[in-house]
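Undergrad: output the structure for:
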Amino acid sequence: MIESIDFNAVKEAFETSSNIYTASPENLSPIAVDHHIVFRNLTNAERQRYWRKGLEAISRGEMAAIVLAGGQASRLGSTAPKAVKIALLERLAAKEFPQQKEKGKIQW
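TA: Sure thing, here's the model as predicted:
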């Protein structure tokens with residue numbers, strides 16, 4: 001069994017994963033204005049529209065979440081386990097769009 005392991009491939013994969021990319025200022029640029037929104041600049045109606053669009057996407061199963069460990073949530077003030085927030089969004093989407101209820105799962 002151990003004879004079947006390609007240790008050169010394992011070593012190469014480890015070395016590749018250990019390479020840390022450090023962005024330098026000359027490689028950074030602002031995100032284009034047409035590629036993002038600034039929440040504080042939105043009207044209440046626009047915020048509500050984006051909220052509903054997000055819930056609708058969740059209800060159709062079109063959302064995924066990447067959950068990373070590392071303590072950032074607690075530094076940002078959250079005391080709840082990560083899955084609690086995801087489950088809450090799923091419930092809100094199911095309530096708002098009950099016809100899509102079966103699909104409304106966020107993969108994480």
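Undergrad: alpha carbons only for contacts and neighbour counts from here, please
TA: Will do.
Undergrad: low-confidence ranges in the chain?
TA: Scanning the chain for pLDDT under 70 picks out 21, 67-76, 82, 101-104, 108.
Undergrad: strands of that one, start to end?
TA: Per DSSP state E, the chain carries no strands over any range.
Undergrad: so which residue is dead centre in it?
TA: Note on the chain: the residue nearest the mean C-alpha position is residue 65, at 3.6 Å, using Cα atoms, centre = their mean.
Undergrad: isn't that residue right up against residue 90?
TA: No - Residue 65 is not in contact with residue 90 according to Cα atoms under 8 Å; the separation is 11.8 Å.
Undergrad: which neighbours do these two have in common?
TA: The contact sets of residue 65 and residue 90 overlap at residue 106 (Cα atoms under 8 Å, 6 or more residues apart in numbering).
Undergrad: still on that earlier bit, now do the phi/psi pair for the residue nearest to the centre of the chain.
TA: phi -130, psi 140 (degrees, to the nearest 10).
Undergrad: measure it to residue 89 for me?
TA: 11 Å (Cα to Cα, to the nearest Å).
Undergrad: just residue 107 next, same as before
TA: Taking Cα to Cα, one finds residue 107 at 12 Å from residue 89.
Undergrad: same deal with residue 60?
TA: Taking Cα to Cα, one finds residue 60 at 13 Å from residue 89.
Undergrad: now residue 61
TA: Counting by Cα to Cα, the gap from residue 61 to residue 89 is 12 Å.
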